[in-house]
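**Student:** I need the structure of the sequence given here:
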Amino acid sequence: MVTQEQRKRQLAREKFLRQQQRRTAARRKARMRNSVIASVLGVILVGSLALYTSDVLKGDDDKSDAAAATPSPTPSAIADPCKKPAEGKAKTATWKKEPSMTIDKSAKYTMKLATTCGDIDIALKTKAAPHTVNSFDFLAAKGYFDHTKCHRLTTNGIYVLQCGDPTGSGSGGPGYTIPDENLKDKSLKDNVYPAGTIAMANTGQAHTGGSQFFLVYQDSQLPPSYTPFGTVSKSGMTVLKKIAAAGESTGAGDGAPNATVVINKATVTKS
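**Tutor:** Here you go, the predicted structure:
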């Protein structure tokens, strides 16, 4: 026969076991919840990184790494250092195929971008990137770059000003593509495009460059898949740094320049 004292002890043991079971179940549920949260955060982080890296200098003809210490100023916090654009409208003509080769591959060519922020002079790498230089010679002669906005400034991770789209949206192009060239240029060491480089934007796929290009104002870590076809002059670098100092519109390091950067006139000259 079970005594009253034994019954009390049995009830106490059962109560203790129920408490232990509840605590174990609670711990298991918390672990599962934390695991789910960690997985979701991981997916968000990976997705964000993929979005960022796939968008850098990407397909601006299809639609172009360490973080900067401080975000770009907001538009209201910076004065526009550039002048008003010259009168005129950008052209949006397109062509079905790459222009025939008309440049002298053995000659030296230069390009001048007369912008609202100052002139940017560029020595072109004709021998190393003849298709690219020939295309720019053709487009400049057609007035294709005249009155076009430089639509993108990146100040976080890479440091470039992107131009060459007459629509100003990042999705325009001349209707044809040109082959990648000069991807083993001796200036590209350790996957770094040095300050002063001008290179082609593309869609992220091989041989998809069109008219859009980017100007590097500070050494930038990038895969060697963007045709480097020229070098910006010292005075041109001063102009680029002035534009970069004004920041970009989002404050997140990648957006439209706060400065009104418009190419009033682009010319390619044989020297």
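**Student:** And the strands in this structure, which stretches?
**Tutor:** Secondary structure of the chain (DSSP state E): strands at 109-115, 118-124, 148-149, 152-154, 160-163, 192-193, 197-200, 213-216, 220-221, 228-232, 254-255, 262-270.
**Student:** Would you mind telling me which of these is nearest residue 96?
**Tutor:** Within the strands of the chain, the stretch nearest residue 96 is strand 197-200; the backing value is 19.8 Å (Cβ to Cβ). Yep, even glycine has a C-beta here, placed from its N, CA and C like the rest.
**Student:** Partner strands of that closest one and their direction?
**Tutor:** strand 213-216 (antiparallel), strand 228-232 (antiparallel) (DSSP bridges).
**Student:** Out of those, indicate the one that is most buried.
**Tutor:** strand 213-216 (a mean of 28; mean count of other Cβ atoms under 10 Å).
**Student:** List the residues that contact the spatially closest residue to residue 169 that is not a sequence neighbour.
**Tutor:** Nearest residue to residue 169, sequence neighbours excluded (Cβ to Cβ, 6 or more residues apart in numbering): residue 151, at 6.9 Å. Applying Cβ atoms under 8 Å, 6 or more residues apart in numbering, we find residue 151 in contact with 162-163, 165, 168-170, 256.
**Student:** Between the residues you listed, which sits nearest residue 234?
**Tutor:** residue 163 (19.6 Å).
**Student:** Not counting sequence-adjacent ones, nearest residue to that closest one?
**Tutor:** That would be residue 150: by Cβ to Cβ, 6+ apart, it lies 3.8 Å from residue 163.
**Student:** Near the one you found, how many other residues are there?
**Tutor:** 28 (other Cβ atoms under 10 Å).
**Student:** go on, residue 190?
**Tutor:** 6.
**Student:** Next: residue 139.
**Tutor:** 22.
**Student:** any idea how far it is from residue 78?
**Tutor:** Noted for residue 139: a distance of 31 Å to residue 78, by Cβ to Cβ, to the nearest Å.
**Student:** And for residue 106?
**Tutor:** 45 Å.
**Student:** higher neighbour count, these two?
**Tutor:** Taking other Cβ under 10 Å, residue 106 and residue 78 do not tie; residue 78 has more neighbours (15 against 8).
**Student:** Go ahead and confirm that one touches residue 244.
**Tutor:** No - judged on Cβ atoms under 8 Å, residue 78 makes no contact with residue 244 at a distance of 11.3 Å.
**Student:** quick one: contacts for the residue nearest to residue 163?
**Tutor:** By Cβ under 8 Å, 6+ apart, the contact list for residue 150 reads 115, 161-163, 243, 257, 261-263.
**Student:** for residue 257, same thing?
**Tutor:** 150, 152-153, 161, 243, 246-249 are the contacts of residue 257 under Cβ under 8 Å, 6+ apart.
**Student:** And for residue 124?
**Tutor:** 108-111, 133, 136, 229-230, 268.
**Student:** Between which two of those is the distance greatest?
**Tutor:** Between all members of these, the farthest pair (by Cβ to Cβ) comes out as 108 and 136, at 14.0 Å.
**Student:** If you count surrounding residues, which of these two has more?
**Tutor:** Between residue 108 and residue 136, residue 136 has the larger neighbour count (other Cβ under 10 Å), namely 28 against 13.
**Student:** Next one: the more buried one relative to residue 248, how far apart?
**Tutor:** Counting by Cβ to Cβ, the gap from residue 136 to residue 248 is 25 Å.
**Student:** And residue 180, by the same measure?
**Tutor:** 27 Å.
**Student:** As CSV, the contacts of residue 257 with distance to residue 87 and pLDDT would be great.
**Tutor:** Formatted as CSV, these follow (distance: Cβ to Cβ, whole Å; pLDDT from 0 to 100):
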residue, distance to residue 87, pLDDT
150, 18, 98
152, 24, 98
153, 24, 98
161, 23, 98
243, 22, 98
246, 23, 97
247, 27, 97
248, 26, 97
249, 24, 95
